[in-house]
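> One predicted model, sequence on top.
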Amino acid sequence: MIAPETIMRVAELMAKAERAAVLTGAGVSAESGVPTFRGKHGFWKDEDVMKLATLQGFLADPKKVWEWYDWRRGQLAEVEPNPGHHALAQWERMVTGRGASYSLITQNIDGLHELAGSKTILELHGNLWYARCLKGCCAELKHIPDTPLPEYPPPCPWCDSILRPHVVWFGEQLDPTVIEESFNVSGAADLMLVVGTSAQVYPAAGLPYITSRAGGKVVEINLEPTELSYTADFALHGKSGEILPQLLEKVRELVG
Ligand SMILES: NC(=O)c1ccc[n+]([C@@H]2O[C@H](COP(=O)([O-])OP(=O)(O)OC[C@H]3O[C@@H](n4cnc5c(N)ncnc54)[C@H](O)[C@@H]3O)[C@@H](O)[C@H]2O)c1
């Protein structure tokens, strides 16, 4: 149980934030039924991560990798955003509605923030619902909402190559445009909410420290303490699907 004064103090920050930022991880989707990375039900089924989530693994067997991604996509097709995703989308509408800025940086690839109505989203690790040309013939992303796909691997619609999932695999660089924008947003933020991330995977884990060093406030919302809990201005422990709606309710009371 989080003290009502703490909820009020964080809500006050949220109500007046001029440059709001949010960083989310797998935990924000846990209450939708999406397994977290390190959770005991695991993200990778019984499969070998190096065969499924590396370029080498994909090149060795694109059909197998696509079948696995389609299995993941099939699971996600059944899943809906939870009250935590919805509360963040509502906060964005409130912040941007009064002319302030808002950006949500996510490590998740599940597309649930978009489905909940969030608009300004920086997806650090890509999105399972998109694919791109393996050869990189163009910068286009192909939206692939259907699952299962009619064929594995799907052909590239723009050249004679095949499509690959639009996700960042182990050993790959993050999209430099997305990471640069995430650094900028973090450095400029006067408030960052850090929701459902174990704060262990860099560079995402470093973003809240950029905000702190630049003088912004950092609020962590996580089921359990993490390394960030020691330096965050507030560390709220519990389910994000319960805490975020509580905070939003208070923000609404404050702004009338
Ligand atoms: N939904 C997804 O798209 C998804 C799922 C699993 C993994 N991943 C990837 O795996 C990597 C793992 O890093 P990570 O930090 O995002 O995940 P992680 O699994 O390392 O950490 C999840 C964190 O969420 C917390 N948590 C769990 N349930 C919660 C809840 N209901 N409310 C609040 N907090 C909760 C846990 O205590 C933990 O600290 C990321 O790079 C991400 O791309 C994505």
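Nice, I can see it. Residues are numbered from 1 along each chain as shown.

> what residues are up against the residue nearest the centre of the chain?
Nearest residue to the geometric centre of the chain (CA atoms, centre = their mean): residue 106, 2.4 Å. Taking CB atoms under 8 Å, 6 or more residues apart in numbering, we find residue 106 in contact with 23-25, 28, 113, 121-124. No exception for glycine: its C-beta is placed from N, CA and C like everyone else's.

> Tell me the helix or strand right after the helix or strand harbouring residue 59.
Under the criterion of DSSP states H and E, residue 59 resides in helix 55-60. Using DSSP H and E, the next helix or strand after helix 55-60 towards the C-terminus is helix 62-77.

> what's next to that following helix, contact-wise?
With CB under 8 Å, 6+ apart, helix 62-77 has contacts from 34, 45, 47, 51-52, 57-58, 110-111, 128-129, 134, 144, 147-149, 152-154, 162, 164-165, 167.

> Return the distance of the most far-flung residue of the chain relative to its centre relative to residue 220.
The outermost residue of the chain relative to its centre, with distances by CA atoms, centre = their mean, is residue 160 at 32.3 Å. As for residue 160, its distance to residue 220 is 48 Å (criterion: CB to CB, to the nearest Å).

> If we ignore the residues flanking it in sequence, what's nearest residue 238?
Nearest non-adjacent residue to residue 238, counting by CB to CB, 6 or more residues apart in numbering: residue 2, 6.3 Å away.

> Run through the residues of the protein sitting next to the ligand.
Contacts of the chain with the ligand, taken as CB under 6 Å from any ligand atom, map to 25-27, 29-31, 34, 36-39, 43, 107-110, 125, 196-198, 200-201, 222-224, 226, 239-241.

> before we move on, the earlier item: give the full set of residues in contact with the residue nearest to residue 238.
Residue 2 neighbours (CB under 8 Å, 6+ apart): 236-238, 243, 246.

> OK, contacts around residue 231?
208-209, 212, 218 are the contacts of residue 231 under CB under 8 Å, 6+ apart.

> List the ones among those that fall in helices.
In helices, defined here by DSSP state H, the members of the contacts of residue 231 are 208-209, 212.

> hey, where'd the strands end up in this structure?
19-24, 101-106, 121-123, 126-133, 142-143, 163-167, 191-195, 217-222, 234-237 (DSSP state E).

> can I get those strands in CSV with distance to residue 85 and mean pLDDT?
Below are those laid out as CSV (distance: least, CB to CB, whole Å; pLDDT from 0 to 100):
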stretch, distance to residue 85, mean pLDDT
strand 19-24, 9, 98
strand 101-106, 10, 98
strand 121-123, 11, 98
strand 126-133, 15, 97
strand 142-143, 20, 96
strand 163-167, 19, 97
strand 191-195, 10, 98
strand 217-222, 13, 98
strand 234-237, 17, 98
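
> Could you dump those strands into a markdown table with distance to residue 94 added?
Compiled in a markdown table, the strands of the chain are given as follows (distance: least, CB to CB, whole Å):
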| stretch | distance to residue 94 |
| --- | --- |
| strand 19-24 | 9 |
| strand 101-106 | 9 |
| strand 121-123 | 17 |
| strand 126-133 | 25 |
| strand 142-143 | 29 |
| strand 163-167 | 30 |
| strand 191-195 | 13 |
| strand 217-222 | 16 |
| strand 234-237 | 19 |
